[in-house]
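Novice: Sequence below, structure please.
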Amino acid sequence: MKKTIHLLLLVVMLFGLAACSQPESENQATEPIELTDALGKPLTLESLPQSIVVAGKQTPMIIDLIYLFPSAEAKIVGIENRSQTTTSFLDAFSPSSSLKVNLEKGAGAEQIAALNPDLVILKTTMAEEVGAGLETLGIPILYVSMESISEIETDITNIGIVLGDSERAAEIIDQYGQIRSDIEGKIPASEEAEPEVLLLQYSEDNGEIAFEVPPVSWLQTNLVEMAGGNPIWKEAVESGGWTKVNMEQIADWNPEMIFVVNYSGDSESTVSQLLENSTWQELDAAKNGKIYGFPGDFISWDQPDSRWILGFYWLAVKINPEAFQDVDFTVVVTDFYKTFYSLDESTIQQNILPLLFGSL
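Specialist: Residues are numbered from 1 along each chain as shown. The predicted structure is shown next:
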């Protein structure tokens with residue numbers, strides 16, 4: 001009889017230990033989830049969502065953030081096809097990942113609802129165009145902002161909450177903080193004036209070339225300042241989006257360095273094309289060999305995306321070359337994808353390094 005009781009107690013203890021050892025997400029799966037999204041709206045979910053759709057503008061950047069979490073892939077049931085880069089990025093994880101890109105560009109609320117999502121993740125700018133319709137259908141939405149580093153960190157925190165992996169969210173934010181601190185620690189504190197820097201977005205439409213500069217509050221401007229440069233365009237920009245500038249204004253600024261962004265082509269080839277122009281050749285930056293094409297892989301690294309840290313690192317190297325000697329960005333990129341996405345070196349060499357562009 002005593003042996004029977006002992007055996008029963010042992011079984012009860014084992015079941016108790018097994019329950020205690022369940023992952024945090026499984027234990028909390030039936031508990032309500034509450035958070036405040038990037039629009040300042042409260043979001044309450046009865047349990048962890050098991051089917052998530054990502055849609056709307058900047059879907060590729062949202063996917064880049066979500067895939068920082070290993071648990072995300074199993075829960076994503078739909079992705080809007082906003083860009084070929086999304087499919088290429090997902091293929092780096094597994095061929096089946098890209099099959100999740102199953103919504104056409106501009107998909108509306110009804111198309112999204114057909115996938116029966118427990119949650120839809122949208123950029124804040126999609127609240128009226130798509131979000132209002134989803135709310136009418138009773139589908140929960142997590143809005144993300146992704147405009148500044150602090151907003152990206154808040155978005156990562158909220159994504160971690162809905163995935164039931166707040167521990168990973170904190171780890172990601174800490175990893176970014178450590179790398180940023182290491183870079184900033186190498187940027188020299190100089191009594192001399194910071195170099196005057198110009199960051200330009202280049203675009204071409206039916207042969208007409210346009211140049212634009214970013215707002216003061218946007219990530220591009222912040223990255224230049226963090227890297228030790230003086231954004232020479234700050235006094236001229238308007239609030240809102242990119243501000244167009246002409247060649248006369250660029251020549252008047254005559255900055256020490258120019259960083260050229262091209263979201264539709266190879267930025268380094270764009271720089272070569274610009275330097276064929278005699279007006280560009282007269283700029284101090286051209287004479288000193290300091291006009292650079294902003295680099296990237298799937299997308300340009302100047303954007304509010306998981307890769308902002310690569311853009312910051314690259315700017316720091318270009319603005320402070322004496323402090324960052326012999327930096328090999330193939331190594332930097334390899335370490336980034338190992339650290340943040342847990343990709344192996346073979347996958348990185350095969351699927352990511354060949355995509356690198358810009359003045360690396």
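
Novice: which residue is nearest the middle of the protein?
Specialist: Among the residues of the chain, the one closest to the centroid is residue 305, at 1.3 Å (CA atoms, centre = their mean).

Novice: Could you name the specific helix or strand carrying it?
Specialist: Under the criterion DSSP states H and E, no helix or strand holds residue 305.

Novice: now swap in residue 87 and tell me
Specialist: helix 84-91.

Novice: by contact count, what packs against the lengthiest strand in the chain?
Specialist: With secondary structure taken from DSSP state E, the chain has its longest strand at strand 196-205. Judged by 3 or more CB pairs under 8 Å, 6 or more residues apart in numbering; DSSP states H and E, strand 196-205 is in contact with strand 208-213, helix 219-226, strand 230-231, helix 247-253, strand 257-261, helix 267-274. Backbone N, C-alpha and C define where each C-beta goes, glycine included.

Novice: How far does the next helix or strand after the helix holding residue 87 sit from its chain's centre?
Specialist: Moving toward the C-terminus from helix 84-91, the next helix or strand (DSSP H and E) is helix 109-113. The chain centroid and the centroid of helix 109-113 are separated by 25 Å, computed with CA atoms, centre = their mean, to the nearest Å.

Novice: Low-confidence stretches in the stretch 151-300 of the chain?
Specialist: 191 (pLDDT under 70).

Novice: Contacts only, for residue 141.
Specialist: Counting by CB atoms under 8 Å, 6 or more residues apart in numbering, residue 141 touches 37, 43, 119, 120, 121, 122, 131, 134, 135.

Novice: Now those residues in TSV, please, with extra columns for neighbour count, secondary structure and distance to residue 337.
Specialist: Shown next, in TSV, are the contacts of residue 141 (neighbours: other CB atoms under 10 Å; DSSP: H, G, I helix; E, B strand; the rest coil; distance: CB to CB, whole Å):
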residue	neighbour count	secondary structure	distance to residue 337
37	20	coil	28
43	18	strand	31
119	21	strand	27
120	28	strand	27
121	28	strand	22
122	28	strand	26
131	23	helix	32
134	23	helix	33
135	15	helix	36
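
Novice: okay, among the residues you listed, which ones form the most distant pair?
Specialist: Greatest spacing in these, by CB to CB: 121 and 135 (14.1 Å).

Novice: just checking, residue 204 touches residue 210?
Specialist: Yes - using CB atoms under 8 Å as the test, residue 204 is close enough to residue 210 to be in contact (7.5 Å).

Novice: the strands in the stretch 51-200 of the chain, which residues?
Specialist: 52-54, 76-79, 119-123, 141-144, 196-205 (DSSP state E, counting those that start in this stretch).

Novice: any idea which element residue 40 lies in?
Specialist: Assigning secondary structure by DSSP H and E places residue 40 outside every helix and strand.

Novice: Give me the distance between it and residue 143.
Specialist: Per CB to CB, to the nearest Å, residue 40 is found 9 Å from residue 143.
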